[in-house]
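A.B. asks: sequence unknown, structure follows:
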């Protein structure tokens, strides 16, 4: 019951508890604080702790040109939230019927009838219902009328700025994965499919997994220290995100060198964490110079893993 994609036939074990509603993209430390209060409220009312999110994000249907690239895919989001202690994440399918509900209808049908929630935990910028017409004050009035407890959780600050998915997204887009990772509950992770590449890395002594079909935000171009789990084993990784200018290649690629791994990954769905940005990508005059730099990259990637 850790991840559900419908409210139809919802198990009784997930009704009558505390609920937090939102996107929870990235599952950052502000979300973790909401979950902490959610668990406390669930204990107070003697029911489950449930997160209700939406798949896809409503803005992808309403204003697709404005939809930001996601930080997490649905299964990963559920994994992170369950790790924080929630009993289940429900990824409710977003459709025209859902988007047409007024704030009062959403509260009555989703919060009341389907979830039978006895407590809600939300941030101060929470909006719900058609055209985002409902806000926290609307929610407070509806909760009071329905004898549902409500706790509004203030956001967390780092360096005098609130942690938000937008702030994390900006940092990642700039390549500052270390600062972004400090705001997240886990290092930033991408996933994709391992495909056949030019195999140039293997010829240089640094074989790489060529990762494509990535469905979340990519960091800025550069070389990164990372980490990946393969068959239950953890490996430090050096990640090249960008072109290979030394060889006249200009297409952006994601190439991951797993340090100490010797197996094959072709056709596998592969996940890798970004820990720190090591350097810019630039051409080298000779292959030997590139090999020397790659050795330095690998050493730095190993050191970065020791720090995490």
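C.D. replies: The structure has been received and is ready for your questions. If you're wondering where the values come from, they're calculated on a predicted model, not measured in any experiment.
A.B. asks: give me the element the nearest residue to residue 166 once chain neighbours are set aside is part of.
C.D. replies: Nearest residue to residue 166, sequence neighbours excluded (Cβ to Cβ, 6 or more residues apart in numbering): residue 68, at 7.4 Å. All C-beta spots, glycine's among them, are computed from the backbone N, C-alpha and C. Following DSSP states H and E, there is no helix or strand that holds residue 68.
A.B. asks: Show the model's pLDDT score for residue 68.
C.D. replies: Per-residue pLDDT puts residue 68 at 90.
A.B. asks: quick one: residue 136 and residue 191, what's the gap?
C.D. replies: 34 Å (Cβ to Cβ, to the nearest Å).
A.B. asks: just to revisit the earlier point, next, count neighbours for the residue nearest to residue 166.
C.D. replies: A count of nearby residues for residue 68, using other Cβ atoms under 10 Å, gives 15.
A.B. asks: Show the contacting residues for it.
C.D. replies: Contact analysis of residue 68 by Cβ atoms under 8 Å, 6 or more residues apart in numbering lists 166, 169, 217.
A.B. asks: which non-adjacent residue is nearest the last one?
C.D. replies: Counting by Cβ to Cβ, 6+ apart, the nearest residue to residue 217 once its immediate chain neighbours are dropped is residue 69, at 4.1 Å.
A.B. asks: The one you found and residue 261, how far apart?
C.D. replies: 28 Å.
A.B. asks: More neighbours: those two, which one.
C.D. replies: residue 261 (18 against 13).
A.B. asks: Would you mind confirming that that one is in contact with residue 230?
C.D. replies: Yes: Residue 261 lies in contact with residue 230 (Cβ atoms under 8 Å); the separation is 6.1 Å.
A.B. asks: Point out where this protein drops to low pLDDT.
C.D. replies: Scanning the chain for pLDDT under 70 picks out 1, 198-203.
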